[in-house]
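[1] here is my input; please provide its structure:
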Amino acid sequence: MTEYLEGTVNQNIFNQLLAELAKTDTVSFKGTNCCDAPLKTVIAYYNGKRKYFETMFPPQEGERLIAILYEISNSENLKATTKRFIFINDSIK
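    Residues are numbered from 1 along each chain as shown. I've put the predicted structure just below:
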């Protein structure tokens, strides 16, 4: 299921997200895609970069990134939209 959300995230969660994305430069999200487990796909565009991850079993080092994305997606500050998922940093207005 693809869902696009629109809204504003606070500076703290935005910084956490950027920090976790930066850590993924040294983390391999490759693994066995074998069975009846859900496939997790993350495509993130930030700071002129594109990050693409797809795996059934994320590495332990990637769990915090996924948890932050779930936290953001459950935020009351976001609403469903037909546009792409866009982060707006509170300090940039």
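
[2] starting at the chain centroid, how far to stretch 43-63?
    How far stretch 43-63 lies from its chain's middle: 7 Å, per CA atoms, centre = their mean, to the nearest Å.

[3] what residues sit buried inside that stretch?
    44, 53, 55, 58, 62 (16 or more other CB atoms under 10 Å). No exception for glycine: its C-beta is placed from N, CA and C like everyone else's.

[4] just stretch 14-24 next, same as before
    Residues of stretch 14-24 classed as buried by neighbour count (16+ other CB under 10 Å): 14, 16, 17, 18, 20, 21, 24.

[5] checking the third one next. Helix, strand or coil?
    When you say that, I think you mean residue 17. helix (DSSP: H, G, I helix; E, B strand; the rest coil).

[6] quick revisit: out of the buried residues of stretch 14-24, show me where the pLDDT dips lowest.
    The member of the buried residues of stretch 14-24 with the lowest pLDDT is residue 24, at 78.

[7] tell me how far that residue lies from residue 65.
    Plainly put, residue 24 is 7 Å away from residue 65 if you go by CB to CB, to the nearest Å.
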